[in-house]
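Participant: sequence and predicted structure are below.
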Amino acid sequence: MTLFDGDVDPTAKIERDAAVAEGRRRMQEARGEVGYAVDRGVAQQGRADEHAHPGWKYLADRAIRVTAEVLPQFTADDVWEVGGLPTTTENRALGPRMAKAARDGLIEDAGRFVKSRQAQCNGMPRRVWLSRIYQEDR
């Protein structure tokens, strides 16, 4: 069961401080992975975004912002960990939210990929993003 299987107020604010603190600690260990490039299917991501719950989209956007504020560079794996983003019925919906954050000027493509740290992803490539809102003293 995911967070949005039932009726949930889409604007509900969920505290993420503990997840952010734990994510920061983990991120210190996660740097320096080997990168490689791969082309991703944009059409599939678009469909996933269309069907994502509005409340989950809100939380995803917030998790991306929190991650971009605390890490100078990151991947979607970091958004799940640092931002404390809950899973949903279609986790690929995070890709279009990352693209939206790039269009909004929060992040930019670093031009490289690293292997996913999530076991269920089997080392699938993850795009590395550069934060444009990183706050070093946070």
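Facilitator: Sure, I can see it.
Participant: can I assume Trp56 sits in a strand?
Facilitator: No - read with DSSP: H, G, I helix; E, B strand; the rest coil, Trp56 is helix and lies in no strand.
Participant: what's the burial count for it?
Facilitator: 24 (other CB atoms under 10 Å). From N, CA and C alone the C-beta is placed, and that goes for glycine too.
Participant: mind checking how far the nearest residue to it once chain neighbours are set aside is from Phe74?
Facilitator: The shortest distance from Trp56 to any non-neighbouring residue, by CB to CB, 6 or more residues apart in numbering, is to Thr88 (4.7 Å). Thr88 sits 20 Å away from Phe74, going by CB to CB, to the nearest Å.
Participant: between these two, point out the one with more neighbours.
Facilitator: The residue with more neighbours, out of Thr88 and Phe74 and counting by other CB under 10 Å, is Phe74; that gives 28 against 22.
Participant: didn't the more buried one look like it was pressed against Tyr134?
Facilitator: No - at 9.5 Å, Phe74 does not count as touching Tyr134 under the criterion of CB atoms under 8 Å.
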